[in-house]
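Undergrad: Sequence unavailable; structure follows:
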């Protein structure tokens with residue numbers, strides 16, 4: 001088994017650049033929404049598509065892009081995606097109509113979908129030593145965490161001095177650097193027989209994932225209504241059709257044989273549940289920081305940085321801990337720590353809210369980091385090298401679905417708890433905490449204070465219940481992680 005040389009480690013640094021940018025682009029736009037709204041005057045529906053279409057098309061295109069990289073070459077797909085991402089970033093920055101911005105964001109999503117499976121499958125090809133591969137995946141995961149942490153800060157600085165489109169131009173120099181260094185430092189790999197891509201399967205996977213995630217998104221925004229349920233059921237039906245088609249094809253888009261590996265399937269479930277609890281809790285934490293504690297968006301972003309740094313620290317420690325105690329025990333210990341973090345979060349109403357949130361988020365971020373790194377390593381490590389792109393795409397798709405499910409399911413539970421506690425209030429205040437804040441501002445001082453106190457208490461209770469659910473889920477994941485101890489040592493160090 002060959003070990004990686006300096007060339008591979010420098011190549012890893014090049015791979016980390018687009019990953020950092022990928023997560024930055026998920027966060028910086030939110031800060032620019034007020035200014036672009038004033039400039040482009042989008043309708044409410046157009047604004048939703050401007051914000052959402054990037055993530056939608058990333059999630060829907062991952063499976064296709066992962067398999068496409070296996071067919072045409074992973075480095076080639078990464079460079080094509082980088083060029084398209086840079087071009088779309090410039091178009092988005094100088095958009096003059098809402099439709100132009102929506103189209104450019106859609107292209108950004110399709111181009112962004114090439115980054116995760118291409119970079120992760122290249123890591124599988126570059127790092128054959130299990131311990132080195134675990135370290136490399138730790139760096140890969142860390143780049144996403146760093147991008148998510150610094151995105152709001154860089155975006156805030158740019159918006160302070162430049163126009164809203166400047167937040168999109170961050171990606172241009174990064175992608176140019178990748179286009180220059182990628183052909184020199186990154187190896188190429190593709191399936192030798194060059195199988196053709198089944199376009200119908202690609203369309204089915206795209207529409208199925210989009211329909212499910214769109215439906216989940218609508219449930220978060222509008223509650224459990226028939227259009228959202230129909231969208232999810234349609235997506236599931238298309239997903240079943242997709243799976244049946246893969247069984248009949250000689251060269252399927254996704255090799256279902258991958259799921260015969262218990263390590264592969266269990267790792268996918270662990271990854272999905274890990275993102276489920278993190279995203280589900282984060283939605284309520286972000287609102288609590290701004291609407292209950294009264295922090296500005298920038299202050300709220302700064303308050304979430306310790307959790308991101310906890311994830312970064314955890315990413316660097318995980319390979320060393322896993323090498324000594326094994327991946328199964330490392331993940332189980334991390335999940336126990338995450339459960340403690342979520343348990344701490346259940347005390348948010350009884351003590352200083354900000355301090356509790358920071359402590360709790362650091363604990364669960366450090367605790368979840370072994371799941372993200374080691375489950376990812378198991379997923380790509382248990383797949384054949386020629387299927388690494390498809391396996392990487394499944395890994396990232398499970399993450400996207402886990403996050404969407406966490407936001408939808410835990411979000412719906414939290415909203416139900418809030419509305420039950422606010423049953424005697426006016427409809428606007430009962431619907432959301434933001435509505436309660438708006439109503440309170442128009443009331444006499446004493447009535448406004450009383451309404452806010454009730455609304456804040458109701459929301460804190462909802463957050464505490466969500467945290468308790470997340471703690472229970474984290475504990476239930478421990479036996480699943482321990483079940484991997486017979487398989488994991490053969491795959492990762």
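TA: Sure, I can see it. On a predicted model such as this, the values are computed, not experimentally measured, just so you know.
Undergrad: drop to CA atoms for contacts and neighbour counts, all remaining ones
TA: Noted.
Undergrad: just how off-centre is the helix or strand harbouring residue 271 within its chain?
TA: Using DSSP states H and E, residue 271 sits in helix 262-287. Helix 262-287 sits 9 Å away from the centroid of its parent chain (C-alpha atoms, centre = their mean, to the nearest Å).
Undergrad: So which other helices or strands are in contact with the very next helix or strand once past it?
TA: Where DSSP H and E defines the elements, the next helix or strand beyond helix 262-287 is helix 297-325. For helix 297-325, the packing partners by 3 or more C-alpha pairs under 8 Å, 6 or more residues apart in numbering; DSSP states H and E come out as helix 130-161, helix 327-345, helix 353-381.
Undergrad: and the angle from the first one to helix 297-325?
TA: Going back to what we said before, that points to helix 130-161. 170 degrees (axes from the mean of the first three to the mean of the last three C-alpha atoms, to 10 degrees).
Undergrad: averaged over its residues, what pLDDT does helix 130-161 have?
TA: Average pLDDT, helix 130-161: 77.
Undergrad: If you compare the directions of it and helix 353-381, what angle comes out?
TA: 130 degrees.
Undergrad: Can you give the distance from the helix or strand following helix 130-161 to the centre of its chain?
TA: Downstream of helix 130-161, the first helix or strand assigned by DSSP H and E is helix 171-185. How far helix 171-185 lies from its chain's middle: 24 Å, per C-alpha atoms, centre = their mean.
Undergrad: need the contact list for residue 271.
TA: Neighbour list for residue 271: 371-372, 375-376, 395, 398-399, 402 [criterion: C-alpha atoms under 8 Å, 6 or more residues apart in numbering].
Undergrad: can you do 7 Å?
TA: Residue 271 sits next to 371-372, 375, 398-399 when contact means C-alpha atoms under 7 Å, 6 or more residues apart in numbering.
Undergrad: what's the answer for residue 101, then?
TA: By C-alpha under 7 Å, 6+ apart, the neighbours of residue 101 are 50, 92, 95.
Undergrad: Please report the distance of it from residue 163.
TA: Applying C-alpha to C-alpha, to the nearest Å, the value for residue 101 to residue 163 is 15 Å.
Undergrad: on that earlier part again, turn the helices and strands packed on helix 297-325 into CSV, including distance to residue 483.
TA: Listed next are the helices and strands packed on helix 297-325 as CSV, based on distance: least, C-alpha to C-alpha, whole Å:
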stretch, distance to residue 483
helix 130-161, 20
helix 327-345, 7
helix 353-381, 13
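Undergrad: of all those, which lies closest to residue 182?
TA: Nearest to residue 182, of all the helices and strands packed on helix 297-325, is helix 130-161, at 15.9 Å by C-alpha to C-alpha.
Undergrad: which strands and helices sit next to the closest one?
TA: helix 6-40, helix 297-325, helix 353-381 (3 or more C-alpha pairs under 7 Å, 6 or more residues apart in numbering; DSSP states H and E).
Undergrad: Farthest-apart pair in the contacts of residue 271, please.
TA: 371 and 398 (13.0 Å).
Undergrad: For these two, indicate the residue with more neighbours.
TA: With neighbours defined as other C-alpha atoms under 10 Å, residue 371 and residue 398 compare such that residue 371 has more, 29 against 22.
Undergrad: The more buried one reaches residue 330, doesn't it?
TA: No - between residue 371 and residue 330 there is no contact under C-alpha atoms under 7 Å: 8.5 Å.
Undergrad: picking that back up, between helix 353-381 and the helix holding residue 271, find me the angle.
TA: Going by the same axes, to 10 degrees, helix 262-287 makes 160 degrees with helix 353-381.
Undergrad: relative orientation of helix 262-287 and helix 327-345 in degrees?
TA: Going by the same axes, to 10 degrees, helix 262-287 makes 20 degrees with helix 327-345.
Undergrad: what about residue 216, distance to residue 54?
TA: For residue 216 relative to residue 54 (C-alpha to C-alpha), the value is 16 Å.
Undergrad: quick one on the thing from earlier: of all the helices and strands packed on helix 130-161, which one is nearest residue 336?
TA: helix 353-381 (7.2 Å).
Undergrad: on that earlier part again, would you mark the buried spots in the helix holding residue 271?
TA: For helix 262-287, burial by neighbour count (16 or more other C-alpha atoms under 10 Å) applies to 263-282, 284-287.
Undergrad: ditto for stretch 248-261
TA: Buried, per 16+ other C-alpha under 10 Å, within stretch 248-261: 252-255, 258.
Undergrad: From those, pick the one nearest residue 347.
TA: residue 258 (42.3 Å).
Undergrad: Which of the buried residues of stretch 248-261 fall in strands?
TA: For these, not one is inside strands, with DSSP state E as the criterion.
Undergrad: Give me the contact list for stretch 149-164.
TA: Contacts of stretch 149-164 (C-alpha under 7 Å, 6+ apart): 24, 27-28, 31-32, 35-36, 166-167, 301, 305, 308.
Undergrad: go again using 8 Å as the cut-off
TA: By C-alpha under 8 Å, 6+ apart, stretch 149-164 touches 23-25, 27-29, 31-32, 35-36, 93, 166-167, 298, 301-302, 304-305, 308-309.
Undergrad: which of the residues you listed count as buried?
TA: Here, 16+ other C-alpha under 10 Å leaves 23-25, 27-29, 31-32, 36, 93, 166-167, 301-302, 304-305, 308-309 buried among the contacts of stretch 149-164.
Undergrad: On the three-state scheme, residue 236 is what?
TA: helix (DSSP: H, G, I helix; E, B strand; the rest coil).
Undergrad: can you count the residues close to it?
TA: 16.
Undergrad: Same question for residue 475.
TA: The burial count for residue 475: 19, using other C-alpha under 10 Å.
Undergrad: my read: it touches residue 339, true?
TA: Yes - between residue 475 and residue 339 a contact is recorded at 6.2 Å, counting by C-alpha atoms under 8 Å.
Undergrad: And the residue nearest the centre of this protein?
TA: Ranked by distance to the mean C-alpha position of the chain (C-alpha atoms, centre = their mean), the top residue is residue 400 at 5.5 Å.
Undergrad: from what I can see it touches residue 60, true?
TA: No - between residue 400 and residue 60 there is no contact under C-alpha under 8 Å: 9.4 Å.
Undergrad: Got the domain ranges for this protein?
TA: 1-197, 198-252, 261-493 (automatic domain parsing).
Undergrad: how about low-confidence regions in the stretch 151-300 of the chain?
TA: 190-195, 220-223, 297-298 (pLDDT under 70).
Undergrad: Could you rerun that using 90?
TA: 151-232, 235, 239, 242-272, 274-300 (pLDDT under 90).
Undergrad: Over to the stretch 1-150 of the chain?
TA: For the stretch 1-150 of the chain (pLDDT under 90), the answer is 1-79, 81-82, 85-86, 89, 92-102, 104-106, 108-150.
Undergrad: Distance of residue 35 relative to residue 263?
TA: On the measure of C-alpha to C-alpha, residue 35 and residue 263 end up 47 Å apart.
Undergrad: next one: residue 205
TA: Distance from residue 205 to residue 263, by C-alpha to C-alpha: 24 Å.
Undergrad: do residue 393 as well
TA: 17 Å.
Undergrad: Okay, and residue 42 sits in which element?
TA: Residue 42 belongs to no helix or strand, assigned by DSSP H and E.
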